[in-house]
Structure formats: C-alpha cells, structure tokens
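In: the following block contains a protein sequence and its predicted model.
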Amino acid sequence: MKTVTFLLGILLFLGCSDKTQHSLSEILEESPSITGHKEYLDSPFVTAGNRVYMVGHQDGSFPDLGWHIKGEMGGIWNHPIKLMDGFDAQLIMENDTLTLNKASEFVNYPFANMHVFEWPSGDIEVERWQFVPDNMQGMVIQYIFRNNTESKQQPSFQFIGHTDLRPTWLGEKTQMFDAKDSSSFQSGQWVVQDDDNAWFNIFGSDQSPIAHESFGGKGNGSSNALTYSIELDSKSSAEISFIVSGSYTSKEDAQNTFTAIQKDFIPMASAKKERYQQLASQTKLTIPDKQLEQTFEWLKYNCDWLVRTVPEIGTGIGAGIPDYPWWFGVDSEYALKGYMAIGQDKIVHETIKLLDSVSVAVNGNGKILHEMSTNGFVFNPGNVNETPQFASLIWEIYTWNGDKKFLEKYFPTIQKGLSWLLEENDDNKNLFPDGFGMMEIHGLNSEMIDVAAYTQRAFDDAAKIASELGKEALVKEYAELAIQLKEKINEDFWSEDFGSYADFLGTDEQAIHLIEDAIIRADTLNKPWAIEELEATKGQILKNPSTALKPFVLHHNWVVNTPMEMGIADSAKAITALDTAKKFTNPFGVFVTGIDRDDSAGKDFGSFQGSKVFSYTGAVMTLPTGVQAIAENNYGRPDEALDYLERMTRTFSYALPGSIYEVSPDYGMMTQAWNIYSYAIPIVQQFFGIRPMANQKRVVVRPQIPTAWDEGTSLENVKVANNSISIYYTSDTIEVQQTNPEWEIQLELDKGSYVIMEGEATSTESNTYSVLTASGNKLVVTKE
C-alpha cells in the first residue's frame, strides 16, 4: 500500500497526464465479471460497502424503489441516514444532449460495476464505473468518455446530485426527524446539510467545474449541478472521477472522508480487489458444472455486499437489499452457518455479538430479536423460532472455532432462552412452544412444525454445549428433552394420509378458520386442486369433531420439511415426506406455500409475477429450496440434493448479474443473506462431508459426492480454526490435505476395502463406515 501511494506521488509530481493508467477500469481488468441481460436493464443493481452502498437501475437511472420506506430504498445510503436519491448526468455538444440514464450494457464485478452509454450521433461512448471503499462513508463514480472519431471534440458534462438527507426506517422511534436540506457551493464541491441535524452530504470531482447551479429539490431534498468542459482528442479518451461522501455526525467528518477517498481511491480499490481475491480463494469449489461453480464463487461476494456497519451500534449482516439492509435474528441464524463454512468468520462473530447484546438489552430473557433497524430501534423483539435457532447457531460456530470462551459468553443467553421457550410459551406443557415461526400467515401461531423441530435441535445442541462447559445436570436435562421431543414430533406431527409432517398442531376451530382463509387464497390464485383438497379436509373435520389438538396439513408450507433438515425425522417417514415435497416445486425450487403451486408450475421458467403490493404469495424461494437440499442429503440422497441446487442455480444472474434473488427467479431482494446457507451447507458439510470438531482438533470427512461430480471435483482452503482443509475427489480416489499436521483427520467412507496411497492411517469399521484416522498434512486413499 505505501509503495503504491509513493509511486502515485511521483507520477503526480512529474505531471503525468495519462489518468487512464489509474482508472477503476484498469484495476478491474483481470477481475471476474458478468454482463447483464438487456431485458433487465430496468431492474436494480447494488454497489456495496460496509458503510455506504448505492442502489439504482442497471440502465444508470435512479427510479423510486422499495416499500419499507416507500420509494426511498434506492439511492445512496450511509445508515442510519440516506445521502442521495441518486444523480443525473448528461453530455452536451452543441445542440445535442446525451442523458446518461439509458445504458446499453451493464457489467457487474465482485466489488464494483459499470454501465455503457452509447451516443451514435456524436460517435462517443461513455462508461460509468463505481465502487465503495472499505470502511468509508463515501464512494467513487468515475466516467470515461471515448471519442471514436478522427476529430477533436469538446463536449460539456453536467453532473446533478439529488441529495436527500433523511433517516432510515423507523427513525422517528429514536427521535430522528427529517428537515429541509440546504446547499452551498464551496471550493468546487456541493456541501448539503439537513437544517435540523448534523447530517451532511458532499459531492464533487477531481476537476474544477466551469459552472454550478442549484435547482431546489424533491421534498426536503436539494438538487445541485456541476458542469465541466471535457477535452477529447481524436480517437482518445478522458475521464472524470466524482466523490460522494457523507456523515451523520459532522461536516468535518464528511469532508475528511471526501478528501481521503479523492486522494487514495486507487489504492483503496486495489486493496478491496485483493481482499475479494482472498474471499474467492477460501472454500474454493471446482466441479464439472461450471455454472454452479461460478454461482458459489459469487455467493461469497454477495455475502460481503450485505455487511452493514454502524459504529455506534455494531456490525452485522443485513438480510437483503434493497428493502432489508438492516439486522435480523433468523436470517442471520441461517446465513451465518454458511458464512462460517466459506471462511468469513469475522463477520460471523460480529453479527452474533450484535444480536446477543441488543437482544439482552431489549428482551433480557434469552429471547432473540427478529428485526432491528440501523438506528437501533427493534421493530420485532422476536418470533418463537429464533430463540432455539440461536442455540444451534452457537454450537455450530463452536465446532468451527473450538473457542470455549465463545461458548461461555453466549451460554447464559441460551440457558435463559430455553427456559423462556418452555416456561412462557408452552401453556399445555406438551413441550411444543406456541407462537409464530417462519411462516408469517395470519393465524399460524399455534404449535408450528418448524418451531418444534428447531426446539428439539436446540435442546440437543444445548446438551452438547453444557457438556463442553462441564454442566452435567443441564446435560442430562437438555438431552432428555431432546429425546422426548424427537419422539413426539415423529408421533404427533406425522400425517400418514398426506405423507407429510403437519403444518401445525391445533384445534378443529382454528383449522376451520385457516381453511376458510386458505380457500380464499387458493381461489384468488386459481388453484382448483387446492380448493378441492381444503374442502375435503374441512369436511373430514366437521364429520369427526374433536376437542383435542391434532396435526393439520393445510398449506403444505415448506416448513413441514424442517424435521428432515434437522435430521430428526424417522428414516421411513423422511423418505416419504421428501418424495411428497417434490410435488410442490417448479424449475427454480420449492414453493413457500405449497397450495400456491399448480400443474403449470413445473413448466414455468418465466419472470415471477408479484402483486402490486409487495407480497410473497405464490413465491418460490431460495431458503425452502436450500432446506430441501439439506434434508435430502441428511438421508443419503445427494443426487436429489443436487437437483435442488441446480434449480436455484437457474436463477443466478437471471436479473442481476452475479446474484440470486430472494424470490425465484427475479422478485423481492436482489441479493439475500440466507442464500449462502442454501449452498454452503449442502456443498461443504454434506457433499464434501466436512464436519469440523475444532474443540478436539479433529475434522471428520464423510463425503457423499453426487454422481455427476465423480471426476475433477475439489474443495480447497476450508478454514477450521487454525487449520485449513482441502479435498480432491475422483470416482475411486480421495485426497485430504490440511495445513496443521497436528490435527486429526477422520475419513469416513462407505464400507469397503481401501488402499492408503499416501500418508499413514489407522483403519477401523463402524456399523456404517470404514473409518481411516490420520494426522500429518496429507492422506490419499483409493478403492482396492
């Protein structure tokens, strides 16, 4: 970094004028990139940083976006405030104008993006590049103008920034109130301040403007222009770089950011490129399916796009962009397991710290929050499922880090949470907590299958944690509850008639109300098969009235598959239920609510047609599909699991190049945190079978590679505490490498005869596997 800065200083001192040597395009020249589809140029993209991010359309425009703050979720954000609604730009030559909001091409890079604008009449092409430096409250927008004629051209260029200094969602709950923005032109820059708050936005370029103008603004905002003269020799190019900075504390803070980025954005971009190369090298997947391989690589980048830092509150992953950029309990509880498997462990620990500290402050009883805005206000203190899922998350992360202090830190929250779960949410004392789980359907708040499954897993994992901490009384208590819950779930929630676990346990009265609502939903969506099934279920209830709690299969919600996701379903029931679940899919994955599917869904490859008001009705989503892949693997069906991954992969780059939408293929959030759960767990922990036991300095490797991956398959540099695991697989040979030779590798293979080609290992037989145990850096085994 110092060397790069020193060389830049020499070049500037010598008056070097070839600025393209220091452009973003040059830095990104050898980076991966994906060009978007022209039919999706009028859909969103994101340029991401952990402090600031920008959301606009791929055509270069900034239309109103989002519903959490209606029409305001796009633009440039520096949470907990917004900086700008966006900006306009235009190139003017004589009486002709090219407005830069109809790009002909959009190209996405891991940490930046680029738009191409064409001006046939002027034979000029314009590229707009942008990126956000790490840990900075600002960003760079760089324009490159290319003159394709033999003549010198001298157009003028106007940049209009639309400042809108306003608070984030629920800002009023923490006394953040928007006021009129006032602007002033200072030293070639526009400085804009909210009249009642120390909120600032500064923007300007690396060149001196020939004119400036203020236009007022939309609402409380302020629109301000800067105009420049651009010199274009024949067959040449020129560039201009704009800096946008902001602060929610002081003008000095915003100005310091502006100056720092303006001075060093090239080395900042180089540093971010190097960091992203490191992200790509961790848990590096090589498989015959190059589309899935590329998807997995870009999901690692997506994970970094979602990191959100507000120093006064903390750092954690947001759930999705543009409408869920803040912090969630359950989204993190799924996603962080995947983040850990791809080596992004720092953000895992920071997010857990944030969720725990705020949950303790707000709830104080072990309940984990559901949703929290970036101003610190907790919108929903927690749904029931989030508390048991937190316990399992802590155990899972411990298997990767082996840090007993980590367990000691969070076990008090777990202990309180499990007590709260059964003492305050289980009125009938049948061990099934009442309340909302993952399905946010009105009335579905009795004894839900996902809450039951995650509660069972929580007690099982809490028993393991208690054992690690030497709390033997709790080990016995938690283990016994886990056993009881497993038995009860398999008995009480199973519906033989439907070949599925029930959506919920409830009364006839509750079921009738839900059926009537579901019939209206099915009728609205024109699902006659669902109406017929629901009417038949209603008839059965009325013919056989009962006051007892019973299992009801009404919606075929994806959560009925959580007993298989958690591996607690009886094997026979699991296979039946997994086969049943296949009926509720389309080419992109699993329906959130099964009654929304119809016979045509299996052939539908088109865009998702959402309602005018944002809704998940009729949606196929990545989380249910990922859960199904995990469930299939748990019962030894990797080919079926791969089928679900391939379905999700069809949506990769469908709308936003380099990303997978929350709702398949192109609806909802354009990038979503829990997507990494849906890929990393099946690939890293199940296909390659990496089961870390860092507390014992041991890694169990139990591969179940899909048939289609039997050659040229590897997973390299999987971080496990102070060790790193790499696995290379062919149809008859498996090679396991580790960087720490003091650790133990426990390779568990299908029963058979094996020859150790390299390394030393002891061989034993379990009921299911041939087990080879070795230390050292490498173990190579082949079938005899």
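Out: In hand now; what should we look at?
In: from the chain's centroid, how far away is the strand or helix carrying Val192?
Out: For Val192, the host element (DSSP states H and E) is strand 189-194. Taking CA atoms, centre = their mean, to the nearest Å, one finds strand 189-194 lying 33 Å from the centre of the chain it belongs to.
In: stretch 716-730 too?
Out: On CA atoms, centre = their mean, the centre of stretch 716-730 falls 23 Å from that of its chain.
In: buried sites along stretch 750-770?
Out: Neighbour-count burial for stretch 750-770 flags 754, 759, 761, 769-770 (criterion: 16 or more other CB atoms under 10 Å). (C-beta placed from N, C-alpha, C; glycine too.)
In: what about that stretch, how long is it end to end?
Out: One end of stretch 750-770 to the other measures 6 Å (CA to CA, to the nearest Å).
In: what does that stretch rub up against?
Out: The contact list for stretch 750-770 (CB atoms under 8 Å, 6 or more residues apart in numbering) reads 702, 733, 735, 745, 747-749, 771-774, 776, 778-784.
In: apply 7 Å and report the result again.
Out: Applying CB atoms under 7 Å, 6 or more residues apart in numbering, the contact partners of stretch 750-770 are 748-749, 771-774, 776, 778-784.
In: same check, this time on stretch 74-81
Out: With CB under 7 Å, 6+ apart, stretch 74-81 has contacts from 51-56, 62, 64-66, 82-86, 137, 139, 164-168, 171, 176, 199, 244, 246, 248, 308, 310, 322, 325, 374-375.
In: what of stretch 261-279?
Out: Residues contacting stretch 261-279 (CB under 7 Å, 6+ apart): 1, 4-5, 8, 22, 24, 27, 31, 110-111, 131, 133-134, 136, 138, 140, 206, 243, 245, 300-301, 304.
In: out of these, which sit inside strands?
Out: 131, 138, 140, 243, 245 (DSSP state E).
In: wait, which of the contacts of stretch 750-770 is closest to Gln255?
Out: Lys778 (54.9 Å; CB to CB).
In: how many residues are close by the closest one?
Out: Look at Lys778: counted by other CB atoms under 10 Å, it has 15 neighbours.
In: what bridges to it?
Out: With DSSP bridges as the criterion, Lys778 is bridged to Gln737.
In: that one touches Pro741, doesn't it?
Out: No. At 9.0 Å, Lys778 does not count as touching Pro741 under the criterion of CB atoms under 7 Å.
In: what's the domain layout of this protein?
Out: Domain ranges of the chain: 2-270, 497-679, 688-783, per automatic domain parsing.
In: could you give the mean pLDDT of the shortest one?
Out: Right, domain 688-783. Per-residue pLDDT over domain 688-783 has a mean of 95.
In: got the end-to-end distance for that domain?
Out: Using CA to CA, the end-to-end distance of domain 688-783 comes to 17 Å.
In: for stretch 310-318, which outside residues touch it?
Out: The contact list for stretch 310-318 (CB under 7 Å, 6+ apart) reads 79-80, 306-309, 324-327, 332, 335, 347, 350-351, 353-355, 374, 376, 673.
In: what's the average pLDDT for it?
Out: 98.
In: same check, this time on stretch 608-621
Out: Here the average pLDDT along stretch 608-621 is 82.
In: and that stretch, how far out from the chain middle?
Out: On CA atoms, centre = their mean, the centre of stretch 608-621 falls 19 Å from the chain's centre.
In: sorry, back to before: which of the buried residues of stretch 750-770 sits closest to Leu444?
Out: Tyr769 (40.4 Å).
In: tell me the bridge partners for the closest one.
Out: Applying DSSP bridges to Tyr769 yields these beta-bridge partners: Asp750.
In: now the one 4 residues further on
Out: Beta bridges link Thr773 to Gln746, Thr762 when assigned by DSSP bridges.
In: that one: what's it in contact with?
Out: Going by CB under 7 Å, 6+ apart, Thr773 touches 744, 746, 761-762.
In: any of the contacts of stretch 261-279 buried? List them.
Out: Neighbour-count burial (16+ other CB under 10 Å) applied to the contacts of stretch 261-279 gives 8, 22, 24, 27, 110-111, 131, 133, 136, 138, 140, 206, 243, 245, 300-301, 304.
In: inside helices: which ones of these?
Out: Among those, DSSP state H puts 8, 24, 27, 300-301, 304 in helices.
In: need the max-distance pair from the residues you listed.
Out: The largest separation in those, counting by CB to CB, is between Leu8 and Lys300 at 29.9 Å.
In: turn the ones in strands among the contacts of stretch 261-279 into TSV, including distance to Pro381.
Out: Putting these into TSV (distance: CB to CB, whole Å) gives the following:
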residue	distance to Pro381
Phe131	37
Gly138	34
Val140	39
Ile243	40
Ser245	35
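In: and the longest helix seen in the chain, how far out from the chain middle?
Out: The longest helix of the chain (DSSP H) is helix 251-281. Mean C-alpha position of helix 251-281 versus that of the full chain (CA atoms, centre = their mean) differs by 23 Å.
In: mind listing what the next helix or strand after it pairs with, with the direction of each?
Out: Counting by DSSP H and E, the next helix or strand C-terminal to helix 251-281 is strand 284-286. According to DSSP bridges, strand 284-286 has the following sheet partners: strand 713-720 (antiparallel).
In: give me the residues contacting the partner strand.
Out: With contacts defined as CB under 7 Å, 6+ apart, strand 713-720 is touched by 281-287, 343, 345, 400, 684, 688, 690, 692, 694, 699, 705, 724-729.
In: what about Gln389, neighbour count?
Out: Counted with other CB under 10 Å, residues neighbouring Gln389 total 28.
In: what score does it have for pLDDT?
Out: On pLDDT, Gln389 comes in at 98.
In: okay, it and Ile541: tell me how far apart.
Out: Computed as CB to CB, to the nearest Å, the Gln389 to Ile541 distance reads 32 Å.
In: tell me where the model's unsure across the stretch 1-150 of the chain.
Out: In the predicted model, the stretch 1-150 of the chain carries pLDDT under 70 at residues 1-21.
In: my guess is Met176 meets Leu165, correct?
Out: No. Met176 is not in contact with Leu165 according to CB under 7 Å; the separation is 10.8 Å.
In: more neighbours: which of these two?
Out: A side-by-side neighbour count of Met176 and Leu165, using other CB under 10 Å, places Leu165 first with 27 against 19.
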